[in-house]
Structures are given as structure tokens and as C-alpha cells.
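Engineer: for reference, the sequence and a predicted model appear below.
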Amino acid sequence: MNHADTRADLAAAFRLTAREGMHEGVANHFSMAVNDEGTQFLINPRCHFSRIRASDLWVIDANNPESAKGEDAPDPTAWGLHASLHRHVPHARCAMHVHSTYATVLASLADSRLPPIDQSSAMFFNRIVIDENYGGLAMEEEGTRCARMFQDPSIRTMVMGNHGVLFIGETVAETFMRMYYFERAARTYIIALSTGRALRELAPDVAEITARQQEGDPQAEADFMRGMRMVLDAESPDYMH
């Protein structure tokens, strides 16, 4: 994928996140590495998710704090969290952090685990790390601490206790699809809890099989992203510019 396509995919992810009501206005950040080392990355400036275009995205160098300064620069938490991820986690080519409603409700519970109660929640079975040591806004020290929790390449989802949720992946499509389905899985779980009735959990072996059946399929991820982008192509194609 060339640089222009990467910008368009990332811009689409912002627009779609706003369309799905998973954004925080001009807060939260998505990033995508654009060099082989993964240390130079695209990231959003202080712009509402629903207005971001491909050309708006900044290129920041994780080894150069000066690259994150200037007019409309991403806020300090963008540097603290995303530069740390791109500096310390080579397989985190893409990173997406949101405070989406149901994921954040999950992060606010004393027990923030997501049990496998349906096909979507089973995607994340034994594939989530839970951060139980929130230390304030994600400045550099906090970002570095979070990055160190992603050293196991099989873990690509973090429930950030008292905060939100963080996803990493190899591509925009992979990472966005993971974020999209996690929010829906969290929604199903929170609504199921609200009934006060017992949950029907999948057996661990079935949950593991289901998780494996749904991961590591670049074609499915690309198809998902292409289908989602078709909505934007029809409604607001300016995101590509």
C-alpha cells in the first residue's frame, strides 16, 4: 500500500468512527507507521474526527519531539501514547485509542474482562490485556508504561481501566475492524448484564476456536475496510483529499 492509500484509509477510519458515535470530538488519536522502522507515523491534528481529510494528517517522528509541535499540532497525549507505542512496540504499525461508550463502561467496571458470550466477544478471548494501574493523562511516562504491556504480539487489545480502550495492528483495516467489533461486543455484554439474568458463556475450547477462525485474515480485513469506505465514498468523499 502506498502512502496516499494509507492516508485515505486512516482518514476514513476517523470519519467512520465519528459516524458510529465512538469519537470524542477532537480528542483521541489514531496513528499509522509510514517507514520501515515504524518510528515515523501519521496522526491526527486537533480536528474533529468527522472533518479529517487525508491531507490533514501529520507525520511525526517518535524519536523527535520537535516534530509534534506547531500550529494545530496533536495534543501532548498523542505524543505520550502513540510515540511510545511506535518507539517500543515494532508490531504496532497502527494504533487506535478511543473512549467509545460501551468499551469505556467496561473499563469502568471493577472486573473489566469481556467474557465470550457471542461470536464477536469470542474474537477477543485470551487476547486482551487489562490495565489496572491508570496513572492520569497519557503523557510520555504513562504512554511508555502502556506500551510495555503490548510486548506479547498476540495481545492487540488493551482495556485501559478508568480510561478507555487501545488497539494495535499491522494495518489500518486490521486495527479498525478490531476496534469496531470490540465496541459491539462490549455493547452486547453491557446490555446483557443490564438484564440481571445469567450469561450464557461459550466453553473455553469453543471460544478459542472461534477466536482463531476470525483472526489473521488480511483479505477479510481489507474487504471490511473497503465496504465501510464505500459508505463514505457515497456520502462524503472529501475525506480522501
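Structural biologist: Everything's here; your move. Residues are numbered from 1 along each chain as shown.
Engineer: where in this protein is pLDDT low?
Structural biologist: For the chain, the stretches with pLDDT under 70 are 1-2.
Engineer: find the centremost residue of it, please.
Structural biologist: Centroid-nearest residue in the chain, with Cα atoms, centre = their mean: M96, separated by 2.7 Å.
Engineer: what residues are up against that residue?
Structural biologist: 13, 30-31, 166-168, 175-176, 179 (Cβ atoms under 8 Å, 6 or more residues apart in numbering). Using the backbone N, CA and C atoms, a C-beta is placed for each residue, glycine as well.
Engineer: same thing but at 7 Å, please
Structural biologist: Residues near M96 by Cβ atoms under 7 Å, 6 or more residues apart in numbering: 30, 167, 175-176, 179.
Engineer: so which of those are in strands?
Structural biologist: If you go by DSSP state E, these have 30, 167 in strands.
Engineer: for the chain, what spans make up the helices?
Structural biologist: All helices of the chain, identified by DSSP state H, fall at 3-19, 76-78, 84-88, 101-108, 119-122, 140-147, 172-194, 204-213, 218-235.
Engineer: for N64, find the nearest of these.
Structural biologist: Ranking the helices of the chain by proximity to N64 (Cβ to Cβ) places helix 84-88 first, at 10.8 Å.
Engineer: my read: V98 touches V165, true?
Structural biologist: Yes - the criterion here is Cβ atoms under 7 Å, and V98 meets it with V165 at 6.2 Å.
Engineer: who's more crowded, the two?
Structural biologist: V165 (27 against 24; other Cβ atoms under 10 Å).
Engineer: return the residues in contact with the closest residue in space to the more buried one that isn't next to it in sequence.
Structural biologist: Leaving aside its sequence neighbours, V165 sits nearest to A103 (Cβ to Cβ, 6 or more residues apart in numbering; 4.0 Å). Residues in contact with A103 (Cβ under 7 Å, 6+ apart) are 164-165, 182-183, 186.
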